[in-house]
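Asks: Quick check, what structure comes out for this input:
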Amino acid sequence: MSSQPKTKQLLKILIGAAWIDGVIQPEERTYLKQRAEALQLAEDPDLKFLLSELKPVSATECYQWLEAYLGSHPQAEDYQELLEALSGLLYSDGDIQTQEAKLLSMIQDLEPHAESGKNPFDKILGHIQALYRRAINLSP
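Replies: Okay, the predicted model is just below:
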């Protein structure tokens, strides 16, 4: 899959993840719009409609997009890009809801098996936790 469709698919997942708790928080909205602008996808008709928030994205639809993005044998780089983007979104409002935690758990289940001794999810989770600590001024 070429880069642009993959990037568009990732942004759709982020929009779905923002809806996973039933409402898009103002910080999540800002994150999504900034990300769409940065990726030069803000004017894409499909994404523009999703970003308009006229119709909520169901959790089922979000999970379908997620599985389509990663496929049955996810590549480590796609997996890492997804986790980094998703963590940026989910931590943007400073609060992780139960549904968001379930989404992260599901992504962990899809994690490609690493050859190294440490699980890539644990590495990324460590980075996410460090970012979160910095965000709330509890950096060690």
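Asks: Roughly how far does the most centrally placed residue in the chain sit from S92?
Replies: Central residue of the chain (Cα atoms, centre = their mean): L86, 2.3 Å from the mean position. Computed as Cβ to Cβ, to the nearest Å, the L86 to S92 distance reads 11 Å. For every residue, glycine as well, the C-beta is placed using N, CA and C.
Asks: what does L41 give?
Replies: To S92, L41 is 18 Å away according to Cβ to Cβ.
Asks: A59 too?
Replies: 19 Å.
Asks: do the same with K48
Replies: Distance of K48 to S92, given as Cβ to Cβ: 20 Å.
Asks: A17 now?
Replies: 11 Å.
Asks: neighbour-wise, which of these two wins?
Replies: Neighbours were counted for A17 and for S92 using other Cβ atoms under 10 Å; A17 has more, 28 against 19.
Asks: wait, doesn't Y79 sit right on H73?
Replies: No. Using Cβ atoms under 8 Å, Y79 makes no contact with H73, being 10.6 Å away.
Asks: neighbour-wise, which of those two wins?
Replies: Taking other Cβ under 10 Å, Y79 and H73 do not tie; Y79 has more neighbours (20 against 7).
Asks: Need the phi and psi values for that one.
Replies: Backbone dihedrals for Y79, given as degrees, to the nearest 10, come out at phi -60, psi -50.
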